[in-house]
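Engineer: Give me coordinates for this.
(one chain, ligands or ions: 1)
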Amino acid sequence: MGDDAVLRVPPTHEIIIVPPPEHQGHHTLLQQCIQVRIAVFVTEQGFPLEVEVDEHDPTATHWLLRVLPSLESIGTIRAYRVENAGGSYYKLSRLAVLQEYRHYKFGRNLVLALHNWAEVHARNSGVTDYVKIVCHSQAARANSAGAIAFYRKLGYKEEGDLFDEDGEPHQKMVARLSLAE
Ligand SMILES: CC(C)(COP(=O)(O)OP(=O)(O)OC[C@H]1O[C@@H](n2cnc3c(N)ncnc32)[C@H](O)[C@@H]1OP(=O)(O)O)[C@@H](O)C(=O)NCCC(=O)NCCS
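Structural biologist: Numbering: from 1, shown residues only. Model (predicted):
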């Protein structure tokens, strides 16, 4: 039997939203998200530690993916709303799954959890047509396949040219999620 025919059964897991700062548990859970990000972006991929935690972390919504029953933290993603003259959108960033847990659809499920949250948040803010999600995908480079093809599979489309972010090539990608019933 070839590899393609092997069914990869994901470990039992949960995806939780880190509660807001005033809630018990916020600090510990946010630190667990950041530990996953450091393992992936700093240790594995070589991005500078100084840029990993930024000004958006205190106010963003964060998700943590944990294996059960061990509660080992293995994946994370975050989102925040951006309002500017051109309209509003949600920024997706800091998506990371530990290397040994990839290709179990955990990355996909984290993005879908963020999409569900953004749809509810937008509806509650009076939006009725669609939700715009923007991310800056890593592009392929010497030691990384990038994530453009991953985001395409989730409905994202490239906008504009490649640009430098934190010293590596990135591509702006946008998804528009219809709110029509
Ligand atoms: C990108 C990342 C989050 C994907 O997580 P994952 O759990 O391995 O991905 P999934 O198993 O959910 O993959 C979903 C689909 O995307 C595909 N895919 C996964 N990673 C991909 C990549 N880097 N490039 C192209 N396709 C990819 C999978 O084959 C799968 O395809 P299928 O639905 O046709 O079977 C993970 O590789 C990662 O953490 N990478 C390092 C950090 C990073 O690059 N983050 C993104 C920053 S912009």
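Engineer: rest of the way, CA atoms for contacts and neighbours
Structural biologist: OK.
Engineer: what about Tyr80, distance to Glu44?
Structural biologist: 25 Å (Cα to Cα, to the nearest Å).
Engineer: how about stretch 100-109 as CSV, C-alpha atoms only?
Structural biologist: Extracted C-alpha coordinates of stretch 100-109, given in CSV (Å, rounded to 0.1, in the frame of the first residue of the first chain):
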residue,chain,number,x,y,z
GLU,A,100,5.7,16.4,14.2
TYR,A,101,1.9,17.1,14.1
ARG,A,102,1.6,18.4,10.6
HIS,A,103,-0.7,17.0,7.8
TYR,A,104,-3.4,15.9,10.2
LYS,A,105,-5.6,18.9,9.0
PHE,A,106,-4.9,20.8,12.3
GLY,A,107,-3.8,23.9,10.3
ARG,A,108,-7.0,23.7,8.2
ASN,A,109,-9.1,23.3,11.3
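Engineer: ok so, going back, settle it for me: which of Tyr80 and Glu44 has more neighbours?
Structural biologist: Tyr80 (18 against 14; other Cα atoms under 10 Å).
Engineer: mind checking how far the more buried one is from Val42?
Structural biologist: 22 Å.
Engineer: contacting residues for the residue nearest to Thr59 when sequence neighbours are not counted?
Structural biologist: Distance criterion Cα to Cα, 6 or more residues apart in numbering; nearest residue to Thr59, sequence neighbours excluded, is Tyr80 at 7.5 Å. Tyr80 makes contact with His56, Thr59, Ala60, Thr61, Tyr90, Lys91, Leu92, according to Cα atoms under 8 Å, 6 or more residues apart in numbering.
Engineer: ok, 10 Å please
Structural biologist: Tyr80 is in contact with 56-57, 59-62, 89-93, 118, 133, counting by Cα atoms under 10 Å, 6 or more residues apart in numbering.
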